[in-house]
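J.: Fold the following and give me the result.
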Amino acid sequence: MALPKDYTESHRLLCGLLRAEESFDLIDRPIDIGGRRASLFFIDGLVKDEVMEKILEFFYAVENFDDLQDAEAFMKKRVPYVEAAVEDDPKKICADVLSGILLLLIDGYEAVITLDVRTYPARETAEPEKDKVLRGARDGFVETLVMNTALIRRRVRDPNLTMRIFTVGSRSKTDVVVCYMDDKVDRKLLQGICNKIQSVQVESLTMSQQSLAEAIYRHRWYNPFPKFKYTERPDTAAASVLEGNIVILVDNSPSAVILPTSIFDVMEEADDYYFPPITGTYLRLSRYLVTLVTLILTPLWLLFLQSPHLVPPWLQFILIDEPVNVPILWQLLILELAIDGLRLASVNTPTTLSTSLSVIAAIVVGDFAVQSGWFNAEALLYMAFVAIANYSQPSLELGYALKFLRIILLVFTAVLRLWGFIAGMVLVFLLLACNRTISGKSYLYPLIPFHGKALLDRFARRRLPKQTGK
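T.: Reported below is the predicted structural model:
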């Protein structure tokens, strides 16, 4: 369907589609340009007032339309703003206006002129709370898509850096950008992702990038390991693009999705590269070790309590001498739930009260819980270590995956003791080995299939290669 040739009919059609009379923030501003009727359609609060003022000066300077036969000619000769286009599809026009683009309708033209003078409310590009670094850049992604793409462009000044935009959601019309290096990307994977994004049939991306991730990759629900890597750091996203990965940005989301992702990719941090190789290697190995300990610490302690003969003499101090009123298994499971409850409470606690309430919670849980007989001091100690050490790796999704598997290990160990612990560890390995990235490759590569040099690079941070060139 094209716009009617008559100005009155075109104006009535656009007003009806946009429902301008019902929405107070959708402005229909009639103006006069060179003796012809014209109208401006825009969303109040999403346009740059200063730019509009300058553009209107050029419009009011038009005296006749002798050399302006159509909208294309008017745009080329009388529109000073660079981001302008001619459009005649009413649905596309409405989608543009609702996204913040300025629309100019002029009597006598069979098309309209759209000007991208948008300005979205945005916060500062401050360092993300979750992806902090000891050294390095302190900027982070925000909820505005254009600013996020600019942060990546600022770091990668290469014409091969490509950003393809898609619109997802029959109602929300959410902008989604697929970012990649044209000379390094896996073409088959790229085409597959683009096809999946184009074929997504949803009304809106209610939870932004998470809704998109679930729509383009339907994996086995029982495998808790994350299939995507999320980052709020532009430097991490830029480095991933340069390595040949694909980065997906979703409007209204301060996170980028990195594909494809293995377990080693999920556990990488920017600090690994902001320090010299020896320091970066130490940080990486420490993270791997602590992450493994968070998985097996409490199940292994429970196994030793149930089978004291397995405890070597130098570890006899880990056994409990005090009375145990509540079975250790239930103590650990209750504490797993309680830690998540405190975590949720801290998220919803006002900033002005967070410090004082944290101190109160620590006193109650750490002292009164032991005195009341509900918990033993050792159980609180080990669970406190697990709760804090869980943040040594950057992925919240991986943290929860380890939590679910730790609970399964606890239950298996409590029921079958040593064989239960072994069975639980085999289950963890099988979940990792049977998992696949979105490209269909092994989740444990380069361990499975084995690639020695690549595996060494995953554990040891090497010096950057020398660059040669003329």
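
J.: For the rest of this, base every contact and every neighbour count on C-alpha atoms.
T.: OK.

J.: how many neighbours does E83 have?
T.: Number of residues near E83 (other C-alpha atoms under 10 Å) recorded here: 11.

J.: now the spatially closest residue to it that is not a sequence neighbour: how far from V82?
T.: Closest residue to E83 apart from its sequence neighbours, by C-alpha to C-alpha, 6 or more residues apart in numbering: D116 at 5.4 Å. Using C-alpha to C-alpha, to the nearest Å, we find D116 at a distance of 9 Å from V82.

J.: now swap in Y445 and tell me
T.: Y445 is 47 Å from V82, by C-alpha to C-alpha.

J.: quick one, which of the two is more surrounded?
T.: Taking neighbours as other C-alpha under 10 Å, Y445 and V82 compare with Y445 leading, 20 against 11.

J.: That one reaches S262, doesn't it?
T.: Yes: using C-alpha atoms under 8 Å, Y445 is in contact with S262, at 7.0 Å.

J.: So for the residue nearest the centre of the chain, what's the pLDDT?
T.: Centrality entry for the chain: nearest residue to the mean C-alpha point is S255, 2.8 Å, by C-alpha atoms, centre = their mean. Predicted confidence (pLDDT) for S255: 91.

J.: any idea how far the closest residue to K77 other than its chain neighbours is from G108?
T.: Once flanking residues are discounted, K77 sits nearest to L68: 8.0 Å by C-alpha to C-alpha, 6+ apart. Distance from L68 to G108, counting by C-alpha to C-alpha: 10 Å.

J.: if I've got this straight, R37 is in a strand?
T.: Yes: checked against DSSP: H, G, I helix; E, B strand; the rest coil, R37 lies within a strand.

J.: show me the contacts for the closest residue to it other than its chain neighbours.
T.: Distances taken as C-alpha to C-alpha, 6+ apart put D107 closest to R37, at 5.4 Å, once the chain neighbours are dropped. Contact analysis of D107 by C-alpha atoms under 8 Å, 6 or more residues apart in numbering lists 6-7, 36-38.

J.: wait, L335 sits on A384?
T.: No: the pair L335 / A384 is not scored as a contact, 9.0 Å apart, by C-alpha under 8 Å.

J.: which one of the two has more residues nearby?
T.: For L335 versus A384, neighbours defined as other C-alpha under 10 Å are more numerous around L335 (19 against 16).

J.: Next, the more buried one: secondary structure please.
T.: Applying three-state DSSP: L335 is helix.

J.: From here on, call the first residue 364.
T.: Understood, numbering begins at 364; the last thing we discussed is L698.

J.: Work out for me the element the residue nearest to it when sequence neighbours are not counted sits within.
T.: Using C-alpha to C-alpha, 6+ apart and skipping residues adjacent in sequence, the residue nearest L698 is M746, 7.0 Å away. Element membership for M746 (DSSP states H and E) is helix 740-752.

J.: Run through the strands of the chain in chain order.
T.: Ranges of strands in the chain, per DSSP state E, are 389-396, 399-406, 447-450, 465-469, 475-478, 524-531, 537-544, 592-594, 609-613, 619-622.

J.: what's the average pLDDT for stretch 419-435?
T.: When pLDDT is averaged over stretch 419-435, the result is 88.

J.: That one: end-to-end distance?
T.: Stretch 419-435 has its terminal residues 18 Å apart, counting by C-alpha to C-alpha.
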